[in-house]
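Engineer: Output the structure for:
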Amino acid sequence: MAHRLPKSLSRRSFLGSTAAVASVLAAPALAQTGDETTEIEEDITERVRRNISSFRSLDWRPYFSNTKNGVVLVDISSRALHYWSEDQSVYKLFPSSVPLTADLTRKGRTSIVRKVEGPSWRPTPSMKKRNPEWPDFIGPGPENPLGTHALYLGWTYYRIHGTHDTRKIGRRSSNGCIGLYNQHISELYGLTKVGTQVLII
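Structural biologist: Numbers count the residues shown, from 1 in each chain. Reported below is the predicted structural model:
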């Protein structure tokens, strides 16, 4: 099955969709014309514009008792991530990907316990059981499903991370994690620290 990818993506980007991962890993490099690439990039730009226009700014007070260490709110319904700095001078709103299904979605309070630039990836035991053909390990680079940066949460296997596949953002496309565009996770990485509060609703 042919996948038409923009130039900024790896030809074999690892997708979070259980159906698409194996086919993309097996697919050969695809040739594209300039017109095809332009059309894809315009489609992505328009989709991002629609997603962002549906977001609304929120106040942190209904969700947190304080902003100590900064706070991150992930709204699964609107597929958006909100960040407030400890002194509340910085507020950021980013479009995100969310888990594919309700049973893969974990909600509640946790915190950032580890930060990694250039993360490696291993499938969880449940992922490997569902998809035994998946690789056991992918190192840092353009095929890594965690993108350029990862914020590890207090819950085992859960992360906020980047993605090289921009088509995933704004969609139900992950196996449990929250995904951001690489430029956004890079920004959030710089704003957060170990101990930043996280609430997923």
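
Engineer: quick one: the residue nearest the centre of the chain and Pro95, what's the gap?
Structural biologist: When the chain is reduced to its mean C-alpha position, the closest residue under CA atoms, centre = their mean turns out to be Gly179, at 0.8 Å. Distance, Gly179 to Pro95, by CB to CB, to the nearest Å: 10 Å. To be clear about C-beta, it is placed using only N, CA and C from the backbone, and glycine gets the same treatment.

Engineer: Find residues that contact each of those two.
Structural biologist: By CB atoms under 8 Å, 6 or more residues apart in numbering, Gly179 and Pro95 have these common neighbours: Ile169.

Engineer: Give me the three-state assignment for Met127.
Structural biologist: What DSSP: H, G, I helix; E, B strand; the rest coil gives for Met127 is helix.

Engineer: How much space separates it from Gly70?
Structural biologist: For Met127 relative to Gly70 (CB to CB), the value is 30 Å.

Engineer: higher neighbour count, the two?
Structural biologist: The residue with more neighbours, out of Met127 and Gly70, is Gly70; 21 against 18, by other CB atoms under 10 Å.

Engineer: my guess is that one meets Asp87, correct?
Structural biologist: No. In this structure, Gly70 is not within contact of Asp87 by CB atoms under 8 Å, at 9.1 Å.

Engineer: Identify the contacts common to these two.
Structural biologist: Here Gly70 and Asp87 share no contacting residue, scored by CB under 8 Å, 6+ apart.

Engineer: which residues touch Ser77?
Structural biologist: Counted by CB under 8 Å, 6+ apart, Ser77 has contacts Ile201.

Engineer: Which secondary structure element is home to it?
Structural biologist: Using DSSP states H and E, Ser77 falls within no helix or strand.

Engineer: Distance check, it against Ile201.
Structural biologist: Taking CB to CB, one finds Ser77 at 8 Å from Ile201.

Engineer: What are the boundaries of the strands in the chain?
Structural biologist: 71-75, 80-84, 91-95, 98-99, 108-117, 149-153, 159-163, 172-174, 178-181, 197-200 (DSSP state E).

Engineer: Parallel or antiparallel, list what pairs with the shortest one.
Structural biologist: Strand 98-99 pairs in its sheet with strand 172-174 (parallel), by DSSP bridges.

Engineer: buried ones in the strand it pairs with?
Structural biologist: 172-174 (16 or more other CB atoms under 10 Å).

Engineer: Would you map the helices across the chain?
Structural biologist: 18-26, 34-53, 125-130, 182-191 (DSSP state H).

Engineer: Rounded mean pLDDT for the longest one, please.
Structural biologist: Over the span of helix 34-53, the pLDDT mean works out to 53.
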